[in-house]
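Trainee: Next come a sequence and a model predicted from it.
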Amino acid sequence: MNNNISSHNESIPSEKKKIIVLGSGPNRIGQGIEFDYCCVHGLMAIKECGYEAIMVNCNPETVSTDFDIADKLYFEPVYWEHIWEIIELEKPEGVIVQLGGQTALKLAKRLVEKGIKIIGTSFDNMDIAEDRGRFSDMLKELGIPYPQYGTAWNADQAIEVANHVGYPVLVRPSYVLGGQRMRIVINDDELESAVVSLLKHIPDNKILIDHFLDRCQEAEVDAIFDGEDFLVMGVMEHIEPAGIHSGDSNAVLPAFNLTPLEVTTMEHYAEKIARALNIKGLINIQFAIKDGNVFVIEANPRASRTTPFIAKAYGIPFLNIATKIMLGANKLKDFKIEKKLDGFAIKEPVFSFSKFPNVNKELGPEMKSTGEAIRFIKDLRDPYFRNLYKERSMHLSK
């Protein structure tokens, strides 16, 4: 046995200033190829700004793990132990976590604890968006409506919270991707069963309980904020009713059935949240609209799976722009951005049920799609859109 193998290191650090981008790991339900697009365009922007672009990801199916994309690729699991070894060797100027979905975002706390600079939005502000309690407190201060909520650590506490906020309630663990273990329940027995199952699979996780706004429209806003100016990349209206995970919903760009006041209100709330969180780069905010009232469901201080969809629909390199803003190389006013779209673009979820015949095909708050596609229509008379909308109306009428 050669004892020198374990000590061999083929990665020789350069003298250039470096930025590390964390990817989303293996392609799976919840996140995957959409965030790969984000990482690739981020790497290009980093190189254009004069830095050495270093990619950390371990997905053989994605372009970000092609050795020609980044200046240096570490084909390693996106786990803390591996990332820390790379950081110790490369000594980067900072790390970007906004482009790799929830997997990358969850590592921000460890990075900050080790004194590593997070490029873009600070960890504390990202944590406010991720922590339901802190986020709801912020919304209350801003005067922005949101569903009543509570937190619990066990079934008894959960039942007490649910009876306070009112059934139906959405039960979910904190800090997970793809709506993992999320459930909509309507009584104490269902809630107890959901909480026991959640804690069995994700022990010691704080349980979030939100009043569920039934039979309402859902929409989302993707935006960029540079500390001064705010840019709405797109406003998307979901065809499916609220309660279906955003990753499993057909989303229409621009909104097709919301009133101008509702759209303006969403954009206004989105800007207030971005300023309050001092976002530097990307943010995605999801809304529920009921009886003309706009409620904020959640905010994601990162690229979302709809960001590539909007960029392709408008033909604008939003990820390149956002990365340069994260790096402090540019402001929004430095770019000439003209959004033009002839008709509408529809984000179609892609499912792989044929490969998993025993999987429950009923859609809900836990994501089941494995990707997305884009379809362009010239107007709302398109037969494809009319069939989708007819199905949505049937769901809402039940």
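Mentor: Done, it's in.
Trainee: Show me where the stretch 251-398 of the chain has its helices.
Mentor: Along the stretch 251-398 of the chain, counting by DSSP state H, counting those that start in this stretch, helices occupy 260-276, 307-314, 318-326, 383-397.
Trainee: tell me the most buried of those helices?
Mentor: The highest average neighbour count among those, using mean count of other CB atoms under 10 Å, belongs to helix 318-326 at a mean of 26. Backbone N, C-alpha and C define where each C-beta goes, glycine included.
Trainee: and the residue most central in space within the chain, what pLDDT?
Mentor: The chain has residue 304 as the residue nearest its centroid, 3.6 Å off, counting by CA atoms, centre = their mean. Residue 304 is assigned a pLDDT of 90 by the prediction.
Trainee: and if you look at residue 178?
Mentor: pLDDT, residue 178: 46.
Trainee: swap in residue 32?
Mentor: 59.
Trainee: Repeat that for residue 350.
Mentor: According to the prediction, residue 350 has pLDDT 82.
Trainee: ditto for the one 4 residues further on
Mentor: Per-residue pLDDT puts residue 354 at 76.
Trainee: Could you count how many residues lie near it?
Mentor: Neighbours of residue 354 under the rule other CB atoms under 10 Å: 6.
Trainee: my guess is residue 363 meets residue 248, correct?
Mentor: Yes - at 5.1 Å, residue 363 and residue 248 qualify as touching, with contact defined as CB atoms under 8 Å.
Trainee: any shared contact partners between these two?
Mentor: Common contacts of residue 363 and residue 248 (CB atoms under 8 Å, 6 or more residues apart in numbering): residue 240.
Trainee: So between these two, which is more surrounded?
Mentor: residue 248 (21 against 18).
Trainee: Contacts only, for that one.
Mentor: Here residue 248 is in contact with 240, 349, 351, 363, 367, 368, 369 (criterion: CB under 8 Å, 6+ apart).
Trainee: now, which of those sits nearest residue 327?
Mentor: Nearest to residue 327 among the contacts of residue 248: residue 367, at 30.8 Å, using CB to CB.
Trainee: Please report how far that closest one lies from residue 386.
Mentor: 26 Å (CB to CB, to the nearest Å).
Trainee: Surely residue 198 and residue 173 touch.
Mentor: Yes - in this structure residue 198 lies within contact range of residue 173 using CB under 8 Å: 5.7 Å.
Trainee: More neighbours: which of those two?
Mentor: Per other CB under 10 Å, whichever of residue 198 and residue 173 has more neighbours is residue 198, with 22 against 18.
Trainee: Need the per-residue pLDDT for the more buried one.
Mentor: 85.
Trainee: Doesn't it belong to a helix?
Mentor: Yes - membership of residue 198 in a helix is supported by DSSP: H, G, I helix; E, B strand; the rest coil.
Trainee: Pull the contacting residues for it.
Mentor: Contacts here follow CB under 8 Å, 6+ apart; on that basis residue 198 touches 171, 173, 181, 183, 205, 207.
Trainee: Show me the domain layout of this protein.
Mentor: Using automatic domain parsing, the domain ranges for the chain come out as 18-119, 148-211, 217-397.
Trainee: Now tabulate the ones you listed in TSV and tack on distance to residue 10.
Mentor: Below are these laid out as TSV (distance: least, CB to CB, whole Å):
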stretch	distance to residue 10
domain 18-119	11
domain 148-211	32
domain 217-397	28
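Trainee: Which of the contacts of residue 248 sits closest to residue 153?
Mentor: Taking the contacts of residue 248 together and measuring to residue 153 by CB to CB, the closest member is residue 367, at 24.8 Å.
Trainee: Now do the same contact list for the closest residue to residue 320 other than its chain neighbours.
Mentor: Spatial nearest neighbour of residue 320, excluding adjacent residues (CB to CB, 6 or more residues apart in numbering): residue 45 at 4.5 Å. Shown in contact with residue 45 (CB under 8 Å, 6+ apart): 319, 320, 321, 323, 324, 327.
Trainee: Kindly recompute the last result at 10 Å.
Mentor: Counting by CB atoms under 10 Å, 6 or more residues apart in numbering, residue 45 touches 19, 51, 53, 96, 99, 317, 319-327, 329-330.
Trainee: Then residue 357?
Mentor: By CB under 10 Å, 6+ apart, residue 357 has no neighbours at all.
Trainee: wait, isn't residue 72 in contact with residue 51?
Mentor: No - applying CB atoms under 10 Å as the test, residue 72 and residue 51 come out as separate, 11.4 Å apart.
Trainee: Compare the two (neighbour count), which wins?
Mentor: Comparing residue 72 with residue 51 by other CB under 10 Å, the one with more neighbours is residue 51, at 22 against 18.
Trainee: which residues sit in contact with that one?
Mentor: 16-20, 43, 45, 71, 92-94, 119, 327, 329.
Trainee: Against residue 82, how distant is it?
Mentor: Distance, residue 51 to residue 82, by CB to CB: 21 Å.
Trainee: so where's this protein uncertain?
Mentor: 1-7, 28-32, 174-181, 392-398 (pLDDT under 70).
Trainee: Now do the contacts for residue 389.
Mentor: Residue 389 neighbours (CB under 10 Å, 6+ apart): 239, 250, 252, 256, 257, 380.
Trainee: Could you save those as TSV and add columns showing distance to residue 337 and neighbour count?
Mentor: Listed next are the contacts of residue 389 as TSV, based on distance: CB to CB, whole Å; neighbours: other CB atoms under 10 Å:
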residue	distance to residue 337	neighbour count
239	27	24
250	26	22
252	21	24
256	23	15
257	26	14
380	26	13
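Trainee: If we only consider those, which is nearest to residue 227?
Mentor: residue 252 (30.8 Å).
Trainee: So residue 108 is in contact with residue 95, correct?
Mentor: Yes - under the criterion of CB under 10 Å, residue 108 makes contact with residue 95 at 8.4 Å.
Trainee: Would you mind measuring from the nearest residue to residue 163 once chain neighbours are set aside to residue 153?
Mentor: Leaving aside its chain neighbours, residue 163 sits nearest to residue 188 (7.7 Å; criterion: CB to CB, 6+ apart). Distance of residue 188 to residue 153, computed by CB to CB: 17 Å.
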